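In: no sequence on this one, just coordinates:
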């Protein structure tokens, strides 16, 4: 029994000497004794307690003896081996304390889902979380984009839309405070004047409607617009409607408006305005080559209080019958150079020579009828004749006027007459009876009743609705 421990000690001593002679540390090849496994936990705990070094402490003096700058590689030492009791306490693969240690990763929670606003089946908008991707319906395949770069989005317009003016930022609506227009009539006007123009309740609905009609009459007109006033029956007020309609246009628009008397049977249109000259249409045709300015043609016309001008016809019936279609066309060629509106007072006959040129050059027709049975039948027969002779467009765009030549309509149902012409014409208007028009003398709009003036303004607005926006090729008014 004594030889076995000595032999073990000798063998162990020989292996240690061989390690010293070779200059290498063979401690890793040393087999632990049998009692090492029985006391592993106790020795490990004792070794950890003895060799525990704080993290902030300086490395031991023999740190370089067992550690090299390499990472996890044991160092080679020439010194004597350490006792076996400290085998477990050696930090053979520890990292160098001089290197900075990375902090542990920090866990960042995912962001909360965005809630969307949806409408429930009951009609109440509620907040719902977004559906998972596996519940979303499959999207349709998108076509490949063959463009290199996507088109840029349109620029966002933050400025309000203003009319195209040379100075949009200095327009009247942006610089001046909007003031309510002053009342023009009635107790509203009296209250406005008596309060020293401090109380302004605005216009009445009737005045507002009148202002809208005036705006219709004043709409722009390019070139010359020709209006023919026709009727098969005499005594229905055809000449009166021509004079009053022309006076309304001249007073409201301020343009140059002229009425031509094309009645072959001694027309009375020149009697509706103060007579200023004895010249007639025959004199105008004789001197047509010498008329170059408006002042030249003004010597052949008479002008009324409303600035309506009238070109009279011949008073001699024998001479007036010679007024042919060519004469009317030459007259119209001269007038449309200087006037914006030309009204033609046609005769009762549709078969005379000048009527063909009137219908060929007219832009619109005004068919006049009275509130009687024979007057309505004559006006309807006029439309029938026009349709039968190829003037369907003129009939569709015509305006029918029912003129009250008597104070009372009698037993005639005027509404049925209106319904009849409404199916054939573009519009139908009523002109009430007026004592000033019954006189048959010169017409002054200021002497008419208010209802009559408003009816004539409504008639002018309806006719003005047929003005073309652009009449290319027409002669410009000088």
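Out: Arrived safely. Worth saying up front: this structure is predicted, and the values here are computed from it rather than measured.
In: lowest-confidence helix or strand of the protein?
Out: helix 3-22 (a mean of 45; mean pLDDT, DSSP states H and E).
In: ok, residue 271 - how many residues close by?
Out: For residue 271, the number of neighbouring residues by other C-beta atoms under 10 Å comes to 17. No exception for glycine: its C-beta is placed from N, CA and C like everyone else's.
In: same check, this time on residue 415
Out: 8.
In: cool, residue 411 as well?
Out: Neighbour tally, residue 411, other C-beta under 10 Å: 6.
In: so how far is residue 239 from it?
Out: Per C-beta to C-beta, to the nearest Å, residue 411 is found 27 Å from residue 239.
In: mind listing what residue 251 touches?
Out: Taking C-beta atoms under 8 Å, 6 or more residues apart in numbering, we find residue 251 in contact with 306, 307, 308, 445.
In: Highest neighbour count among those?
Out: When neighbours are taken as other C-beta under 10 Å, the top entry among the contacts of residue 251 is residue 308 (29 neighbours).
In: just checking, that one touches residue 250?
Out: Yes. Between residue 308 and residue 250 there is a contact under C-beta atoms under 8 Å: 4.3 Å.
In: Could you tell me which residues touch both of those two?
Out: residue 257.
In: Count the residues that sit near the nearest residue to residue 394 once chain neighbours are set aside.
Out: In space, and not counting its chain neighbours, residue 394 is closest to residue 365: 5.1 Å by C-beta to C-beta, 6 or more residues apart in numbering. Here the number of neighbours of residue 365 (other C-beta under 10 Å) works out to 25.
In: For the helix or strand containing residue 365, which helices and strands make contact with it?
Out: Per DSSP states H and E, residue 365 falls inside strand 364-370. Strand 364-370 makes packing contacts with strand 225-230, helix 238-253, helix 373-388, helix 392-396, strand 399-403, helix 414-422 when contacts are defined by 3 or more C-beta pairs under 8 Å, 6 or more residues apart in numbering; DSSP states H and E.
In: what residues does the fifth one touch?
Out: Pointing back at strand 399-403 there. 236-237, 240-241, 364-371, 376, 379, 414, 417-418, 421, 424-431, 459, 462-463.
In: could you flag which of the residues you listed are buried?
Out: Buried by 16 or more other C-beta atoms under 10 Å: 236-237, 240-241, 364-371, 376, 379, 417, 421, 424-431, 459, 462-463, out of these.
In: Next, count neighbours for the residue nearest to residue 336 when sequence neighbours are not counted.
Out: Spatial nearest neighbour of residue 336, excluding adjacent residues (C-beta to C-beta, 6+ apart): residue 224 at 3.7 Å. By other C-beta under 10 Å, 21 other residues sit near residue 224.
In: any idea how far residue 255 is from residue 224?
Out: To residue 255, residue 224 is 10 Å away according to C-beta to C-beta.
In: ok, now residue 404?
Out: To residue 255, residue 404 is 29 Å away according to C-beta to C-beta.
In: repeat for residue 186
Out: 30 Å.
In: ok, residue 463 - contacts?
Out: Residue 463 touches 227, 245, 364, 366, 399, counting by C-beta under 8 Å, 6+ apart.
In: which one is the third one nearest to, not counting chain neighbours?
Out: Going back to what we said before, that points to residue 364. Nearest non-adjacent residue to residue 364, counting by C-beta to C-beta, 6+ apart: residue 466, 5.2 Å away.
In: pretty sure that neighbour is touching residue 398, no?
Out: No. Taking contacts as C-beta under 8 Å, residue 466 lies outside contact range of residue 398: 9.5 Å.
In: Now residue 324: phi and psi?
Out: Per-residue torsions, residue 324: phi -100, psi -180 (degrees, to the nearest 10).
In: Look at residue 343 and tell me its secondary structure.
Out: strand (DSSP: H, G, I helix; E, B strand; the rest coil).
In: avg pLDDT for stretch 177-195?
Out: Summarised as a single mean, pLDDT over stretch 177-195 is 84.
In: follow-up on the earlier one: check for me that the residue nearest to residue 364 belongs to a helix.
Out: No. In this structure, residue 466 is coil, not part of a helix, as judged by three-state DSSP.
In: end-to-end on stretch 329-342?
Out: 13 Å (C-alpha to C-alpha, to the nearest Å).
In: mean confidence for that stretch?
Out: For stretch 329-342, the per-residue pLDDT averages 92.
In: Tell me where this protein is predicted with low confidence.
Out: The chain contains residues with pLDDT under 70 at 1-152, 154-169, 171, 316-322, 409, 469-478.
In: what residues go with each domain of it?
Out: What automatic domain parsing lists as the domains of the chain is 181-217, 221-464.
In: Take these and write them to TSV, including distance to residue 172.
Out: Listed next are these as TSV, based on distance: least, C-beta to C-beta, whole Å:
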stretch	distance to residue 172
domain 181-217	14
domain 221-464	21
